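*Asks:* Pasting a predicted model and its sequence here:
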Number of protein chains: 2
Amino acid sequence: MTNKILRIKTADKRYELPAGAGSDSMHHDPQYSYAVTVLELASGDFGTGLSYSLGRGNEVVIKAIEAYAPFVVGRDLREIMGDFAGFWRSLADESQLRWIGPHKGAIHMALASISCALVDAWCRLKGLPLWQVLLEMRPEELIRWVDLRYLEDFISRDEALGLLAEAYPSDWRKHALIAEGYPAYNTSVGWLNYDIDQLLANCRREVEAGFDALKLKVGSPDIGADVRRLRAVRDAVGPHVRIMTDANQRWSVPDAIKAGKALAALDCYWLEEPTHPDDVIGYQQIAREVSPLRLASGECISNAVLFKNLIRTGGIYFVQADVLRLGGLPEWLAVAIMAKKAGVPLIPHASDMGQMHQHLVFWQAIGLGREPWYLEYIPHLREQFVAPAEVRQGRYLPPKLPGASTRLVNVAP
Amino acid sequence: MTNKILRIKTADKRYELPAGAGSDSMHHDPQYSYAVTVLELASGDFGTGLSYSLGRGNEVVIKAIEAYAPFVVGRDLREIMGDFAGFWRSLADESQLRWIGPHKGAIHMALASISCALVDAWCRLKGLPLWQVLLEMRPEELIRWVDLRYLEDFISRDEALGLLAEAYPSDWRKHALIAEGYPAYNTSVGWLNYDIDQLLANCRREVEAGFDALKLKVGSPDIGADVRRLRAVRDAVGPHVRIMTDANQRWSVPDAIKAGKALAALDCYWLEEPTHPDDVIGYQQIAREVSPLRLASGECISNAVLFKNLIRTGGIYFVQADVLRLGGLPEWLAVAIMAKKAGVPLIPHASDMGQMHQHLVFWQAIGLGREPWYLEYIPHLREQFVAPAEVRQGRYLPPKLPGASTRLVNVAP
């Protein structure tokens, strides 16, 4: 029983950011924070899982992790991972805790932290980085990590298994992406509190460093200000750099349509979070009105049920599923497979600063046969991770160390 | 400054239920619990607010109440209540706490507890029961208690104000409902763990006691078992009693359609929570397929944005908005006004055991000019309230004491 889970510890980690960093139209003073799960095995091995918040309230998620802990401690990791989706669902639908969601808010973020710790521990036990663990699982094994509950009207288990089998790589080690790296887009250039000089200097610097895609916060009190910033950035970086825009839920649906039309006239890659993340019908209306500009959303989309509807109504085109906002990998994999079925790109929001998602996008490209679009890049917490992602010339290099790259400095196993 | 809010205390109250009570297809062992906010004013007055859970996890909501407390303590209650919706929105969109939702899960339930405590304190200060406070507010005052953010594409402020003004009663004291009482339907008869004998005995007893509407839990492993229970109850109570059915999110969309068709062939008033509460498109599909049987939902619908979509897509007909699941009164009032606009009934889910909702349905009927449909009745916690709702012959009598009837025994102000 060396795989027995002996105990779960938590850590409430909050990090100061440089002035202006992280600011957007709804969050003027974020303090990037993690509600950390550290899971210890009888063997002495351990795993680290994260959930992300903006500072205040991180302690609420910690409390929710503690509420789940009794259902995990004492269990055998190997048994859990043999039916990971089943175990995950037993936690997601725990008969009393379920009410606090269901499948949303603090309790679901806690489930993400715990289930990512399980994944990290498992990969460390196997001595492989997560992306290789995923690539080495046969479709019939991997499907047991995918939770499809409440998605049956969009995709059946057989269909999901078929998509995995169809894309299953005979020899993933030869895939070109492993040498090339996975493209990153840079979010850290364009925070809303940066003045125009700082904004332009940041954009020029990062294009110089090899990035070909940059994100710009919008949702200023006056859409004219957003348009001016976007035009200035376009002038500074030239026509070949992609520019994403992000309103962080600032607008009502009518305001989003107006603003979206103004942005659609310019050359931008997407408009992210124009309005409230739960507003499936609002997204559908906005998407129709601002076409050909496409909508993106995910950092605040709580569960796979909402993604199912945002995808099938055409509300979003760019699926920004975040494994720390969803309840963890079984739900993220379900969303990835739905995106594949619908033929829309999954470009994760990186509340983990890309640490775990780098594994997931390498798997998605190689193991699920999707295009290598982008993974978000935000460098502000690089020094806080034991093994920060390596990004060179605007591309993530494949992680080499065993695990899910979630381990933080100064968080004792 | 006698209206200054001096401090906020919390209490984690959990109550044992009689064997089998509260059981349904997803929650086999609930322990009805409240995350209580007690708010003290400099004057010595106080207010009690509640959020509801099923036991485990109640402490998570308590932690979230504590996270909001610093934004409330030190403020003047009179100023807050003069722009209640504005203040409420400043909490709902607090720049860091917002992330833990937004507007869902533990953080939003905590906002309900806090904002209901504000309402209770305010009504106690005025020396009136909540329903009378609402009825005495002119439409231009009341609209300042209604939060319409993110609902603009369905209803404008002017339109909402118009609906309030149109229904504004010239003399509410003469309304017949005050003498008659407000109809209740009885949920406590039909828990899923009750065997058929207990079920039938309960139903006969409560019909005898004056109830003309009863709720039956469904979602048994086999829909045949649900149908047999429903038929047996119908035989026992006769054709004139309304029977509601409630699946508590048990089914996938395809399974809900199958089960709903079986139930539609019988005579039931609604089918509640056939599937996941976030599944707006799923509800729309089920509603189309099982018509004329109508769908109900609300106890797990987190916010007004979701209600907006469930209402306008025709997914739900019976709007079960619960002021303790929504973030409190500013959001509940918005849903009530949307339901009025759409012409669909609002019949609250009563996680407060009807204590606060009895005020709201009297207001809804008299002040918003809606039909007196029903308010849910669950008697299991009657002894826990200082002034439990008076229900006679299946009707709620109008509460007489100042406040929102939220005060619990053994929770010190």
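*Replies:* Structure's in. What do you need? These numbers were taken from a predicted model, which means no experiment stands behind them.
*Asks:* all contacts plus neighbour counts: C-alpha atoms, from now on.
*Replies:* Will do.
*Asks:* near chain B, which residues of the stretch 101-250 of chain A?
*Replies:* Residues of the stretch 101-250 of chain A lying close to chain B by Cα under 8 Å from any Cα of the partner chain are A:101-102, A:104-107, A:149-153.
*Asks:* Dump these to CSV, plus pLDDT and distance to A:Pro348.
*Replies:* As requested, these are exported to CSV (pLDDT from 0 to 100; distance: Cα to Cα, whole Å):
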residue, pLDDT, distance to A:Pro348
A:Gly101, 98, 23
A:Pro102, 98, 23
A:Lys104, 98, 18
A:Gly105, 98, 19
A:Ala106, 98, 20
A:Ile107, 98, 21
A:Arg149, 98, 22
A:Tyr150, 98, 22
A:Leu151, 98, 20
A:Glu152, 98, 23
A:Asp153, 98, 24
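*Asks:* among those residues, which ones are buried?
*Replies:* Those of those that meet the buried threshold are A:101-102, A:104-107, A:149-151, by 16 or more other Cα atoms under 10 Å in any protein chain shown.
*Asks:* Per-residue pLDDT of A:Gly413, please?
*Replies:* To be clear, residue A:413 is Pro; Gly isn't right here. In this model, A:Pro413 is scored at 79, pLDDT.
*Asks:* Greatest separation within the residues of the stretch 101-250 of chain A next to chain B: which pair is it?
*Replies:* Farthest-apart pair in these is A:Ala106 and A:Asp153; separation 27.3 Å (Cα to Cα).
*Asks:* which residues touch the residue of the stretch 151-300 of chain A found nearest chain B?
*Replies:* As assessed by Cα to the nearest Cα, chain B sits closest to A:Ser252 within the stretch 151-300 of chain A, at 5.0 Å. A:Ser252 sits next to A:274-276, B:149-153 when contact means Cα atoms under 8 Å, 6 or more residues apart in numbering or on different chains.
*Asks:* same deal with A:Lys400?
*Replies:* A:128-129.
*Asks:* measure it to chain B for me?
*Replies:* In this view, A:Lys400 and chain B are 32 Å apart by Cα to the nearest Cα, to the nearest Å.
*Asks:* Skipping adjacent residues, who's closest to A:Gly219 in space?
*Replies:* Nearest residue to A:Gly219, sequence neighbours excluded (Cα to Cα, 6 or more residues apart in numbering or on different chains): A:Ala247, at 4.8 Å.
*Asks:* what's the answer for A:Gly55, then?
*Replies:* A:Gln31 (4.8 Å).
*Asks:* One more: A:Gly190?
*Replies:* A:Gly190 sits nearest to A:Leu216 (Cα to Cα, 6+ apart), 4.4 Å away.
*Asks:* Return the set of residues that bridge with the one you found.
*Replies:* Note on A:Leu216: beta-bridge partners A:Gly190, A:Thr245, judged by DSSP bridges.
*Asks:* so what's it up against?
*Replies:* A:187, A:189-192, A:230, A:243-246.
*Asks:* got those residues as CSV, with neighbour count and pLDDT columns?
*Replies:* Output for the contacts of A:Leu216, formatted as CSV (neighbours: other Cα atoms under 10 Å in any protein chain shown; pLDDT from 0 to 100):
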residue, neighbour count, pLDDT
A:Thr187, 23, 98
A:Val189, 23, 97
A:Gly190, 31, 96
A:Trp191, 22, 97
A:Leu192, 26, 96
A:Leu230, 24, 97
A:Ile243, 23, 98
A:Met244, 23, 98
A:Thr245, 26, 98
A:Asp246, 25, 98
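*Asks:* could these be laid out in JSON lines, adding distance to B:Ala296?
*Replies:* Shown next, in JSON lines, are the contacts of A:Leu216 (distance: Cα to Cα, whole Å):
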{"residue": "A:Thr187", "distance to B:Ala296": "42"}
{"residue": "A:Val189", "distance to B:Ala296": "47"}
{"residue": "A:Gly190", "distance to B:Ala296": "45"}
{"residue": "A:Trp191", "distance to B:Ala296": "43"}
{"residue": "A:Leu192", "distance to B:Ala296": "42"}
{"residue": "A:Leu230", "distance to B:Ala296": "46"}
{"residue": "A:Ile243", "distance to B:Ala296": "44"}
{"residue": "A:Met244", "distance to B:Ala296": "40"}
{"residue": "A:Thr245", "distance to B:Ala296": "38"}
{"residue": "A:Asp246", "distance to B:Ala296": "36"}
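*Asks:* Specify which member of those residues is nearest to B:Trp373.
*Replies:* For those, the nearest to B:Trp373 is A:Asp246 (44.2 Å; Cα to Cα).
*Asks:* contacting residues for that closest one?
*Replies:* A:215-219, A:271-274.
*Asks:* if we can go back for a sec, ok, the residue nearest to A:Gly55 - how many residues close by?
*Replies:* The local packing of A:Gln31 (other Cα atoms under 10 Å in any protein chain shown) involves 21 other residues.
*Asks:* Hmm, it is touching A:Tyr52, no?
*Replies:* No: between A:Gln31 and A:Tyr52 there is no contact under Cα atoms under 8 Å: 10.2 Å.
*Asks:* Show me which positions of the strand or helix carrying A:Val119 end up buried.
*Replies:* Applying DSSP states H and E as the criterion places A:Val119 in helix A:105-126. For helix A:105-126, the neighbour count (16+ other Cα under 10 Å) marks A:105-125 as buried.
*Asks:* what's next to the helix or strand following that helix, contact-wise?
*Replies:* Proceeding N to C from helix A:105-126, the next assigned helix or strand is helix A:130-136, under DSSP H and E. With contact meaning Cα under 8 Å, 6+ apart, helix A:130-136 is reached by A:119-120, A:123, A:126, A:142, A:169, A:172, A:359-360, A:362-363, A:366-367, A:402-404.
*Asks:* Break chain A into its domains for me.
*Replies:* Following automatic domain parsing, one finds the domains of chain A at A:5-127, A:172-396.
*Asks:* Done for today, thanks.
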